[in-house]
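Enquirer: Give the three-dimensional model of this entry:
(2 chains)
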Protein chains: 2
Amino acid sequence: MIRRLMALLALTALPPSSAVAQTPLRDQIRHFRERNERAIVRELVDFLALPNVASDLADIRRNATALAAMMTRRGIAAKLLEVDGVPPAVFGELKTPGAARTIVLYAHYDGQPIDLPKWASDPFKPVLRSGPMGPGVQALPLDPPGGRFDPEARLFARSASDDKSPIVAMLWAIDALRASGIPLSVNLKFFFEGEEEAGSAGLGKLLTRYRGLLDADFWIFCDGPVHQSRAAQAVFGVRGVIGANLTIYGPTRPLHSGHYGNWAPNPNAMMVHLLASMRDIDGRITIPGYYADVVPVTSAERAAIRAIPAVEEQLKAELGLGRTENEPALLGEQLALPALNVSGLSGGRAHGGGANVIVAESEAYLDFRLVPKQTPARIQELVEAHIRRLGYAIVRTDPDSITRRARSKLIKVVWSGGYAAARTRLDSPGAAALLRAADQVLGRRIIRLPTLGGSLPLAEFVTVLNMPFAILPIVNHDNNQHGENENLRLQNLWDGMELLGGILARMGREWQAVP
Amino acid sequence: MIRRLMALLALTALPPSSAVAQTPLRDQIRHFRERNERAIVRELVDFLALPNVASDLADIRRNATALAAMMTRRGIAAKLLEVDGVPPAVFGELKTPGAARTIVLYAHYDGQPIDLPKWASDPFKPVLRSGPMGPGVQALPLDPPGGRFDPEARLFARSASDDKSPIVAMLWAIDALRASGIPLSVNLKFFFEGEEEAGSAGLGKLLTRYRGLLDADFWIFCDGPVHQSRAAQAVFGVRGVIGANLTIYGPTRPLHSGHYGNWAPNPNAMMVHLLASMRDIDGRITIPGYYADVVPVTSAERAAIRAIPAVEEQLKAELGLGRTENEPALLGEQLALPALNVSGLSGGRAHGGGANVIVAESEAYLDFRLVPKQTPARIQELVEAHIRRLGYAIVRTDPDSITRRARSKLIKVVWSGGYAAARTRLDSPGAAALLRAADQVLGRRIIRLPTLGGSLPLAEFVTVLNMPFAILPIVNHDNNQHGENENLRLQNLWDGMELLGGILARMGREWQAVP
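Expert: Take a look at the predicted model:
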């Protein structure tokens, strides 16, 4: 589900966190961790030593069984959720006497394929090193003198960050609370997916089959990295996405532009007129009816966006931009709106001297970013109705000569991908409770992102389960996720334990307190 | 000068000629030729045996000397026109007592480079074959029994068609007239260029230096092929051309369209709006002032266009077109107007699934086809003024980051090529005389093309010499000009002699007769 979250989150530029006034709760989790670093790392290392490439079902099952055992050891009722032909999800449940709310913690335990020659060491024999790969980096012992690790040390292995360490952080956060005598404030469920890196093809079936078991009040997705400043952030939405490949047809073969120029139809000229009719240069979409379904940004979301430290001028300098679309709107405001991006254009050679031809075809690839409550199906309808109003006949495959002759304007439209946006209101009870809990444990306001501009198929969860959610990453941004030498910075594991533990201890109480 | 004439003329689709009622004049030239086929072919073969690749100056000079000798043998005062570093042009003059008008016959004697492995035989050892290359084609003797050749036989050699055979046709046409006691009706000059296939870089200098010598009333360019139906045609114009490469700049690196979509400027979206503002989908150019300099099509030109047998429906079927621009305007009418062709478009991957990026640059290549009296300089002014009115700053090289930051809209405009149109009015005295002469010798109306849609740098002649002109091709359309196995179909040589001889005998008298 969160295959691209690394890339998504790495791009939300925000300033470094300021100094933090720590709370006693956080201190308690920290002290526990300081006494148990060796054991925490040992459990993570053992888990990482199990090969977990998503396509190897036998390996995946070994991981699922081991993970269930890690949960059972802690008294968490664990079981594998099974659908034929789908890698099992590992489910667990921990009831809390007196708790009114139920939270599901999500992570995935499967990993990306391996390009072995690129790895500095075996991806399934975890190695601790003094820092990121580079000159002077050294291997460190997994059993350090005094039992304490350098927090800048990094553990290298497949899934060290994506997502086995968030799972270990969750389990040890619970251990820490228990050891400190701090009760959970919520009923807890765990949903650990086993085929995320293989595309989550069976996820819908799993969610549908186990809908009752997964009943809850809120989902927290512990996937992806924190901000590159290392500050924690909570994200409450993603845009949906759908792609369209458009092909406009001219003559069946390229023609000399002298002989046929302004007689034979020019598909590039037709394409630029079509695209220009669909959006303006400030990003406003001019397809009739396009904004009808759009849920306006709430005042809470607008306030959160405005509270994010301004990054626009820095980004403009970095990217060499003299303007932005719809200026002076903020990046965060723009990303909460629908977008129509002309991602690709192709119609004959444009670089250097051209060929002086009327091309046979002009192609464009558009990606539409959706916001609540736009649906891919409705976007397709609106776009195609607009195209037809301009006189085009729409086909789905390359037309034959008879079809071309019969239609004065012909376009092939092929849709790809497609899922809706998902957004949880910041002022909804669950989100508000999560934010208050996070603020308290951090001793400052956690960064609130109403939505990512990017897209994740969270709609699967939202559609099937109709659940509010947040994305709460813990791992370092420079973790080489999906690539070679994937790694976890230990301090991120420690910080993640504190953030997750604090939220589990407080979120239920905050939720009760919200009117 | 007429490097691309082959391609240009091959594309003017016209129906086959109807049966021809031949005139006595034509018969006289034919009878002479029938008695001299062996000698005509021998002179052509000897000429073709001289390597003439345009870049080999020593070879070129040997050709020039031989050509001057061929002329001198006929009493034509011949000499080489020299400018330092430029292959010589061969000039000749033949005065006609009592003639009031002077005609210049143009051809070029240099040839295209050779890709030897592709040739079936040595390009400079001419071979006669029974037809075009293909199954069953046979070599034939150059000294046939009875002295007559199969008119469908073809002579294979570099420049067999482009342009040595038109030169031989001119010289033997004069021989035929003399042998028949038919006087020329005009003073004749010959201008045989020696660097046409190398780009005519020195042509302007030659024309300027020998302006006085080249003084005349009309130029006839014997270059390029006749129509593929084998019908003769006279062409009185070409469109000018100028190319522009446009680059619009977005972010300095491609950005994720989710994170930055409708915040970072999208150069593809800017490009489609810019191009859509420049022309409509019917070919009408919407740049303010664009048509101000355009000389309207004359009634004689319009009548000639309408007299060309309709080819539009056949072309639409062949090209799979359901419409044409500005329908029901005829092809010939459209080609007599200015054109703005979006020849190339390039801005990110468009085929199949796109990359979901905001690209860093969007490029387009435009070619503008000019008509009298548009000039490349004025077109550049108009286009750039239009671009600036839309808020763009124009640069000529890729801008640095500071320039990008400083400008809200930035475009690189690089112009290429560039020469004006040339067109001789069909109702001008010289053109009218040529057409009447051609009609009489053919026994039917020669096909009249007011202008090619394509472009040739005839403006060099028009600008320097300010001369009316016609293009009068004689060689077969399927001659493999510029490629391997270039060839001349003998019947085209015979027909060319008759057409040229007839025109030289009559054009001056017709000119006198025109009021």
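Enquirer: what residues does the stretch 351-500 of chain A put near chain B?
Expert: Residues of the stretch 351-500 of chain A lying close to chain B (CB under 8 Å from any CB of the partner chain) are A:351-359, A:362-367, A:369, A:401, A:404-410, A:416-417, A:452-455. Every residue, glycine included, has its C-beta placed from N, CA and C.
Enquirer: And the residues you listed, which of them are buried?
Expert: The neighbour count (16 or more other CB atoms under 10 Å in any protein chain shown) marks A:354-359, A:362-367, A:369, A:404-405, A:407, A:409-410, A:417, A:452-455 as buried among those.
Enquirer: mind listing which of the residues you listed are in helices?
Expert: A:404-405 (DSSP state H).
Enquirer: mind listing which of the buried ones among the residues of the stretch 351-500 of chain A next to chain B are in strands?
Expert: Using DSSP state E, the subset of these located in strands is A:357-358, A:362-367, A:369, A:410, A:417.
Enquirer: which one among these gets closest to residue A:339?
Expert: Distance to residue A:339 across these (CB to CB) is lowest for residue A:369, with 4.0 Å.
Enquirer: Who are the contact partners of that closest one?
Expert: Residue A:369 sits next to A:239-241, A:338-341, A:453, A:455, B:257-258, B:261-262 when contact means CB atoms under 8 Å, 6 or more residues apart in numbering or on different chains.
Enquirer: Which one of those residues is nearest to residue B:168?
Expert: Distances from residue B:168 to the contacts of residue A:369, taken by CB to CB, are shortest for residue A:341, at 62.3 Å.
Enquirer: Using PDB, write out the CA atom coordinates for stretch A:400-416.
Expert: Backbone C-alpha positions of stretch A:400-416 (Å, rounded to 0.1, in the frame of the first residue of the first chain) are rendered in PDB as follows:
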ATOM      1  CA  ASP A 400      -8.000   1.300 -38.500                       C
ATOM      2  CA  SER A 401      -8.000   3.300 -41.700                       C
ATOM      3  CA  ILE A 402     -11.800   3.100 -42.100                       C
ATOM      4  CA  THR A 403     -12.400   4.500 -38.600                       C
ATOM      5  CA  ARG A 404      -9.900   7.300 -39.300                       C
ATOM      6  CA  ARG A 405     -11.600   8.200 -42.500                       C
ATOM      7  CA  ALA A 406     -15.100   8.200 -40.800                       C
ATOM      8  CA  ARG A 407     -14.200  10.600 -38.000                       C
ATOM      9  CA  SER A 408     -13.200  14.200 -38.400                       C
ATOM     10  CA  LYS A 409     -11.500  14.200 -35.000                       C
ATOM     11  CA  LEU A 410     -10.300  11.000 -33.400                       C
ATOM     12  CA  ILE A 411      -8.600  10.400 -30.100                       C
ATOM     13  CA  LYS A 412      -7.600   7.300 -28.200                       C
ATOM     14  CA  VAL A 413      -8.100   7.700 -24.500                       C
ATOM     15  CA  VAL A 414      -6.600   5.000 -22.300                       C
ATOM     16  CA  TRP A 415      -6.900   5.300 -18.500                       C
ATOM     17  CA  SER A 416      -4.500   3.800 -16.100                       C
END
